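> mind looking at a prediction? Sequence and model below.
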Amino acid sequence: MERIVNSDFKLGVITGGQLGKMLIQEASKWDLVTYVLDNDAGCPAGNIANHFVKGDYRDFQAVYEFGKQVDLLTFEIENVNIEALQRLKAEGHKVVPDPDILELIQDKGLQKDFYAKNMISTSPYMLCDSQKDILESISQGKIKFPFVQKLRKGGYDGRGVSVITDEDDLDKLLPGPSIIEEKIQIDKEIAVIIARNKNGEIRCYPVVEMLFDHHANLVDKLICPASITPKQAETALNLAKKIMELLNMEGLLAVELFVDKEGQVFVNEVAPRPHNSGHHTIESVITSQFEQHLRAVFNFPLGSTQIKLPSVMINILGEPGYEGPAHYEGLMKSLAIEGVKIHLYGKKITKPYRKMGHVTVLASTLESALAKAQTVKNLIKVKS
């Protein structure tokens with residue numbers, strides 16, 4: 001650590017959204033010099049990084065030139081130009097997590113094949129190159145209703161996913177190479193954040209439960225700890241550890257899973273970065289996911305993942321029907337409630353269901369945290 005702290009060590013982050021902002025806020029505690037690459041000068045991380053570099057994270061030259069300016073490069077989004085990251089790695093630049101791992105995770109088809117090859121429980125699936133392939137497979141009886149279509153690349157925050165219940169939904173099919181998954185009868189959606197450093201040290205965060213706003217296809221509430229059986233929690237943690245070790249990955253990995261109606265646990269997908277399912281850790285766990293990511297990529301000792309208090313996290317989303325300069329309602333009343341911690345991301349423009357911030361509610365019991373979180377959810381509105 002001594003060679004980094006109180007030095008001119010340069011940490012580069014692609015891109016400058018809310019995850020980048022919270023990562024840079026944590027990095028500032030260690031006196032790191034931070035660089036952020038984003039196409040939007042008004043991005044959440046743009047005003048707090050030491051250096052903002054304007055550029056498209058999907059463009060080879062922008063990513064390549066940015067990576068050469070820093071001592072260590074990491075990212076807060078999957079859809080980065082992989083060729084640029086691989087070139088930087090080949091030339092001896094430090095990129096963590098490894099670009100080869102990112103290349104696998106970027107493609108949900110390769111992800112699913114990885115699970116199948118390594119006997120990791122996941123929902124049955126098939127790969128299709130186009131809408132035509134999907135329709136032909138339906139007519140041949142290879143695909144049965146209901147099913148879930150996921151684009152192999154580019155999906156994010158619920159985009160790139162379509163649930164097809166019957167023939168009347170076929171107009172919802174998305175163009176492009178996809179995976180088609182059998183629709184599991186889901187009882188709960190859960191997640192595990194896991195960290196690993198170069199020395200092979202691993203720390204898992206407690207399993208969380210995610211409740212979704214199905215209209216926005218985004219997390220509505222996140223509950224920690226999850227209300228699942230000890231056996232289900234053990235299975236989820238073991239699956240996360242198995243994936244991390246098979247990947248031989250350094251950094252932070254978010255593992256999203258399903259629990260079906262019969263109590264079986266399946267891996268859904270993973271993200272090699274800080275994640276929405278770990279925001280509560282800033283207040284409710286001894287080591288936040290953002291500090292842990294930095295510890296992992298620098299090969300520092302990993303921090304404790306012990307829970308301080310039960311917590312509920314809710315996303316602050318833009319209200320439907322409003323688009324324009326953001327105006328927040330209900331903040332003062334929410335802050336008057338004991339245990340409420342509000343994070344606003346600094347996005348100037350609100351849009352329907354856009355993530356504008358989050359709130360973590362801490363309490364001595366989960367029941368109390370849930371009740372307070374519902375009150376906050378009813379109070380805070382983002383309009384224009």
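Perfect, thanks for sending it.
> and the spatially most central residue of the chain, how far is that from Cys204?
With distances taken as C-alpha atoms, centre = their mean, the chain has His275 as the residue nearest its mean C-alpha position (2.9 Å). Distance, His275 to Cys204, using C-beta to C-beta, to the nearest Å: 14 Å. Any C-beta I mention is one placed from the backbone N, CA and C, and that applies to glycine too.
> overlap in contacts, those two.
Ile193 (C-beta atoms under 8 Å, 6 or more residues apart in numbering).
> rewinding a little: so what's the residue nearest to the centre of the chain closest to, chain neighbours aside?
Ala254 (3.4 Å; C-beta to C-beta, 6 or more residues apart in numbering).
> can you list the strands that the helix or strand containing that neighbour pairs with?
Assigned by DSSP states H and E, Ala254 falls within strand 251-260. The partner list of strand 251-260 in its sheet, established with DSSP bridges, is strand 186-196 (antiparallel), strand 265-271 (antiparallel).
> ok, which of those strands comes nearest Phe290?
Comparing the strands paired with strand 251-260 against Phe290 with C-beta to C-beta, the closest turns out to be strand 186-196 (10.7 Å).
> which parts of the closest one are buried?
Of the residues in strand 186-196, 188-196 count as buried by neighbour count, 16 or more other C-beta atoms under 10 Å.
> pLDDT of that strand, averaged?
Taken as a whole, strand 186-196 carries a mean pLDDT of 96.
> how about stretch 71-82?
On average, stretch 71-82 scores 95.
> starting at the chain centroid, how far to it?
14 Å (C-alpha atoms, centre = their mean, to the nearest Å).
> ends of it, how far apart?
18 Å (C-alpha to C-alpha, to the nearest Å).
> what does the helix or strand hosting Glu136 contact?
Here Glu136 sits within helix 131-139, counting by DSSP H and E. Applying C-beta under 8 Å, 6+ apart, the contact partners of helix 131-139 are 126, 128, 143-145, 149, 170, 173-175, 178, 180.
> so Gly155 touches Lys108, yeah?
Yes - using C-beta atoms under 8 Å, Gly155 is in contact with Lys108, at 7.2 Å.
> Val80: neighbour count?
Residue neighbour count, defined by other C-beta atoms under 10 Å, stands at 22 for Val80.
> how about it, nearest residue that isn't a chain neighbour?
Closest to Val80 by C-beta to C-beta, 6+ apart is Tyr57, at 5.1 Å.
> tell me the contacts of the one you found?
14-15, 37-39, 63, 75, 77, 79-81.
> what comes up buried for stretch 244-257?
For stretch 244-257, by 16+ other C-beta under 10 Å, it's 244, 247, 249-257.
> now, the most widely separated pair of these?
Farthest pair in the buried residues of stretch 244-257, by C-beta to C-beta: Glu250 and Leu257, 22.1 Å.
> tell me how many other residues crowd Lys221.
Per other C-beta under 10 Å, the neighbour tally for Lys221 reads 19.
> ok, residues contacting the helix or strand following the helix holding Glu136?
Where DSSP H and E defines the elements, the next helix or strand beyond helix 131-139 is strand 147-151. The contact list for strand 147-151 (C-beta under 8 Å, 6+ apart) reads 108, 134, 160-164, 173-174, 176-183.
> name the helices or strands packed onto the longest helix along the chain?
Across the chain, the longest stretch assigned as helix under DSSP state H is helix 230-247. Counting by 3 or more C-beta pairs under 8 Å, 6 or more residues apart in numbering; DSSP states H and E, the packing neighbours recorded for helix 230-247 are strand 186-196, strand 202-204, strand 251-260, strand 265-271.
> just give me how far that helix sits from the chain centre.
Per C-alpha atoms, centre = their mean, the centroid offset for helix 230-247 relative to its chain is 17 Å.
> quick check: buried residues in it?
232-233, 235-237, 239-244, 247.
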